[in-house]
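Engineer: Below are the sequence and a predicted model; questions follow.
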Amino acid sequence: MNLDFLKPKAPPLIGVDISSSAVKMVELGLVGRNYSLERYAIEPLPKDAVSDGNVSNPDAVSEAMRRAWRQLGSRVKNVSIALPAAAVITKKILVPAGLPERDLEMQVETEANQYIPFSLDEVNLDFQVLGPSPAVPEEEEVLIAAAKKEKVDERVAVVEAAGLKASVVDVELYATQAAFELMRPQLPGRGENQIVAVVDIGSTAMHMNIFKDGQSIYSRDQAYAGNQLTQEIQRKFNMSFEEAEQAKKSGGLPENYEPEVLQPFIDTLALEISRSLQFFYTSSNYNSVDHILLAGGCSAIHGLDEAVASRTQVASAMRANPFYGMATGKQRGKQIQLDAPSLLIACGLAMRRFDPS
């Protein structure tokens, strides 16, 4: 099966993010020249159905995907999915400008043989011409992406078992980048010439991607994430993981929850974000960022944005909203505000519908 990672596809398409905690679906449309949120769905996954980016329980994931699709209420069965960045090897190469397609493919295969530590028979390989090299105008930058076939097939099988069709296999980093483009208008000066850190805090991992003028210049993953809070609730109040997870979302915990459990978690999370930024500063020519956009389920925690701003000394820390400025039709406004930061990757994948073919 030959899957394109990066090549654009024709509409219609649903973006599907298979995260460690839920299956999330987003379908976008167009109203005039503006994007609109047609519908979305979030269906929780059992604990460890997806762990470390691997689908550990395919049946549970397919079942959640079926439920999410029914909840979505769409007729569209073509979906765009993504692999975690850790499962994909990417490399930018330079080639002479204007190469015929066949020559370009041969050059990509030659380069891929050097950089990919597997036989090319074992991988799905794709490439995208990015444009002229800023340093050498007579050469073009080409992005190569490769993933082991078993990793791709694992996710495609889950989609097909749910009765859907995987039309596009992307990379989570590029989906985040597409969603970031949608969020740039909410930044001063549309974020031009500014360094923006997008911090996606899920249940098992925190992903930091730093962008300059829409291009990713740094990324880092950390294991400190939402499950740490769930485990602390479990320990403190003698609950099962499921009970703690439910209590975390719906409230009703004892009065000492906030000062003794939630506040220390917020402080540690802000510290971990600050540490990630320090790694960025020491490994690059930059020593500051202009804005931090907080995404993922944990971004909904009240007071996290202020704690992050204080700890990192970045005055502008706010919750990410990939649906900023979109018409949202019949969707419930307040619920969208709560869910939007968790739908970053699904929204970026849904944007593949509008890529020029």
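Structural biologist: Yes, it's here.
Engineer: Name the secondary structure element that contains residue 43.
Structural biologist: Per DSSP states H and E, residue 43 falls inside strand 34-44.
Engineer: same check, this time on residue 345
Structural biologist: Assigned by DSSP H and E, residue 345 belongs to helix 344-350.
Engineer: That helix - contacts with which helices or strands?
Structural biologist: Secondary-structure packing of helix 344-350 (3 or more C-beta pairs under 8 Å, 6 or more residues apart in numbering; DSSP states H and E): strand 14-18, strand 22-31, strand 78-83, strand 165-171, helix 172-183, strand 195-201. Glycine gets a C-beta too; all of them are placed from N, C-alpha and C.
Engineer: circling back to that earlier point, which residues sit against the strand holding residue 43?
Structural biologist: Applying C-beta atoms under 8 Å, 6 or more residues apart in numbering, the contact partners of strand 34-44 are 21-30, 64-65, 67-69, 71-74, 182, 323, 325-329, 331, 336, 339, 342-343, 346, 351, 354.
Engineer: In this protein, what helix or strand scores lowest on average pLDDT?
Structural biologist: helix 333-339 (a mean of 86; mean pLDDT, DSSP states H and E).
Engineer: For that helix, name the packing helices and strands.
Structural biologist: strand 34-44.
Engineer: export the strand it packs on as PDB, just CAs?
Structural biologist: Presented in PDB, the C-alpha positions along strand 34-44 are these (Å, rounded to 0.1, in the frame of the first residue of the first chain):
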ATOM      1  CA  ASN A  34     -13.300  31.600   5.400                       C
ATOM      2  CA  TYR A  35     -13.000  28.200   7.000                       C
ATOM      3  CA  SER A  36     -15.800  27.000   9.200                       C
ATOM      4  CA  LEU A  37     -16.100  24.300  11.800                       C
ATOM      5  CA  GLU A  38     -18.700  21.900  10.500                       C
ATOM      6  CA  ARG A  39     -18.600  19.400  13.400                       C
ATOM      7  CA  TYR A  40     -16.300  17.700  15.800                       C
ATOM      8  CA  ALA A  41     -16.400  14.700  18.200                       C
ATOM      9  CA  ILE A  42     -14.200  13.500  21.100                       C
ATOM     10  CA  GLU A  43     -14.500   9.900  22.200                       C
ATOM     11  CA  PRO A  44     -12.400   8.800  25.200                       C
END
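Engineer: mind listing the strands for the stretch 51-200 of the chain?
Structural biologist: Secondary structure of the stretch 51-200 of the chain by DSSP state E, counting those that start in this stretch: the strands cover 54-55, 78-83, 88-96, 123-132, 139-148, 165-171, 195-201.
Engineer: on that earlier part again, what's the most buried one of the helices and strands packed on helix 344-350?
Structural biologist: Comparing the helices and strands packed on helix 344-350 by mean neighbour count (mean count of other C-beta atoms under 10 Å), strand 14-18 ranks first with a mean of 27.
Engineer: so residue 127 makes contact with residue 145?
Structural biologist: Yes. Counting by C-beta atoms under 8 Å, residue 127 does reach residue 145; the two are 7.1 Å apart.
Engineer: so who does residue 195 touch?
Structural biologist: By C-beta under 8 Å, 6+ apart, residue 195 lies in contact with 210-212, 217, 286, 288-291.
Engineer: can I get the strands of the stretch 51-200 of the chain in JSON lines with mean pLDDT and distance to residue 45?
Structural biologist: Below are these laid out as JSON lines (pLDDT from 0 to 100; distance: least, C-beta to C-beta, whole Å):
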{"stretch": "strand 54-55", "mean pLDDT": "92", "distance to residue 45": "10"}
{"stretch": "strand 78-83", "mean pLDDT": "96", "distance to residue 45": "14"}
{"stretch": "strand 88-96", "mean pLDDT": "89", "distance to residue 45": "22"}
{"stretch": "strand 123-132", "mean pLDDT": "88", "distance to residue 45": "25"}
{"stretch": "strand 139-148", "mean pLDDT": "91", "distance to residue 45": "22"}
{"stretch": "strand 165-171", "mean pLDDT": "94", "distance to residue 45": "18"}
{"stretch": "strand 195-201", "mean pLDDT": "97", "distance to residue 45": "17"}
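Engineer: For those strands, please prepare JSON lines with the additional fields distance to residue 228.
Structural biologist: Formatted as JSON lines, the strands of the stretch 51-200 of the chain follow (distance: least, C-beta to C-beta, whole Å):
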{"stretch": "strand 54-55", "distance to residue 228": "21"}
{"stretch": "strand 78-83", "distance to residue 228": "24"}
{"stretch": "strand 88-96", "distance to residue 228": "27"}
{"stretch": "strand 123-132", "distance to residue 228": "34"}
{"stretch": "strand 139-148", "distance to residue 228": "29"}
{"stretch": "strand 165-171", "distance to residue 228": "26"}
{"stretch": "strand 195-201", "distance to residue 228": "10"}
